[in-house]
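**Student:** Starting from these lines, generate the structure:
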Amino acid sequence: MSILGPGELHIRKKFGSGTVNRGAALFECAWDGGLFEAGLFTGGMFRSGQFVGGIFLGGIFWGGAWLSGTWEGGFDRNGIYHSRGDTPADRQPPSVS
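**Tutor:** Next comes the predicted model:
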């Protein structure tokens, strides 16, 4: 398991399912599983895992679970922009009759 802590800065790196972020800043990174507990995720691709705390800013939330945190703006997997506070979890797909 890899634990990222406060004060760490990572640019254009890929993190997998064995990673826990507890305060690092990630710029233009790929998140492929793991637990995002705290820190900053900006300008990258969140593909899978759980976002449970921290700040999401200007990235693409492609997959995974949004459980909690501060959403400052970004895109969902359909290319729809969600502004501050309007997380992908807040939107429900249209019902099909």
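**Student:** for the chain, which strand is longest?
**Tutor:** In the chain, with assignment by DSSP state E, the single longest strand is strand 30-42.
**Student:** which helices and strands sit right next to that strand?
**Tutor:** On a contact count with 3 or more CB pairs under 8 Å, 6 or more residues apart in numbering; DSSP states H and E, strand 30-42 meets strand 14-15, strand 19-27, strand 45-51, strand 55-57. (Glycine included, C-beta is placed from N, CA and C.)
**Student:** gap between the residue sitting nearest the centre point of the chain and residue 30?
**Tutor:** The chain has residue 46 as the residue nearest its centroid, 4.8 Å off, counting by CA atoms, centre = their mean. Residue 46 sits 8 Å away from residue 30, taking CB to CB, to the nearest Å as the criterion.
**Student:** Likewise for residue 4?
**Tutor:** 14 Å.
**Student:** So which of those two has more stuff around it?
**Tutor:** Ranked by neighbour count (other CB atoms under 10 Å), residue 4 and residue 30 place residue 4 first, with 23 against 17.
**Student:** Show me what that one is bridged to.
**Tutor:** Beta-bridge partners recorded for residue 4 (DSSP bridges): residue 21.
**Student:** low-confidence ranges in this structure?
**Tutor:** Confidence mapping of the chain against pLDDT under 70 gives the ranges 90-97.
**Student:** what residues does stretch 60-68 touch?
**Tutor:** With CB atoms under 8 Å, 6 or more residues apart in numbering as the test, stretch 60-68 has contacts from 31, 33, 44-53, 74-77, 87-89.
**Student:** hmm, try it at 6 Å
**Tutor:** 45-53, 74-77, 87-89 (CB atoms under 6 Å, 6 or more residues apart in numbering).
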